[in-house]
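> Quick one, what's the 3D model for this:
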Amino acid sequence: MGNPTLSFYVLGLALLFEGAHGFFAFQAFTHSKGKWSYIEAVKRGKDPSMFVVLFEDSAAMLGLVVAFIGIGISHLTGNPVYDGMDLHIKQSCPTVKRAFIEAEAWSALTARHQHH
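Numbers count the residues shown, from 1 in each chain. This is a model prediction of the structure:
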């Protein structure tokens with residue numbers, strides 16, 4: 001196993017940039033949600049692009065943190081299996097995110113259909 005320093009620098013920069021993007025997306029979502037709670041704003045909001053961006057950023061941040069942990073544990077233990085395990089966890093993040101977004105979109109479509 002090599003020195004993971006470069007990997008940590010790259011992940012750190014990615015976390016910084018993704019975190020900044022997520023911060024601005026969260027601010028915009030907070031501003032647009034009005035008096036609703038965050039969950040209520042996701043369920044009742046008319047513009048899904050706001051919460052989709054927020055979920056995208058959250059999934060990306062989670063993936064970066066998982067990669068950071070996997071590389072760190074691999075380096076500390078000398079066992080590369082942990083670096084491989086984090087890949088499976090990171091690959092499940094978009095799947096879970098996509099399923100949630102699709103469920104919310106389906107809910108919004110059926111709710112609108114029932115009102116007409």
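> So for the residue most central in space within the chain, what pLDDT did the model give?
Note on the chain: the residue nearest the mean C-alpha position is Ala59, at 1.4 Å, using CA atoms, centre = their mean. As predicted, Ala59 sits at a pLDDT of 83.
> how far away is it from Gly22?
10 Å (CB to CB, to the nearest Å). Every residue, glycine included, has its C-beta placed from N, CA and C.
> gap between Leu11 and Gly2?
Distance from Leu11 to Gly2, by CB to CB: 15 Å.
> Name the residue in those two with the higher neighbour count.
Counted by other CB atoms under 10 Å, Leu11 and Gly2 do not tie: Leu11 has more neighbours, with 17 against 7.
> how close does the more buried one get to Lys33?
31 Å.
> Where does the residue nearest to the centre of the chain fall, secondary structure wise?
Counting by DSSP states H and E, the element that carries Ala59 is helix 48-77.
> following that helix, which helix or strand comes up?
Assigned by DSSP H and E, the successor of helix 48-77 is helix 81-115.
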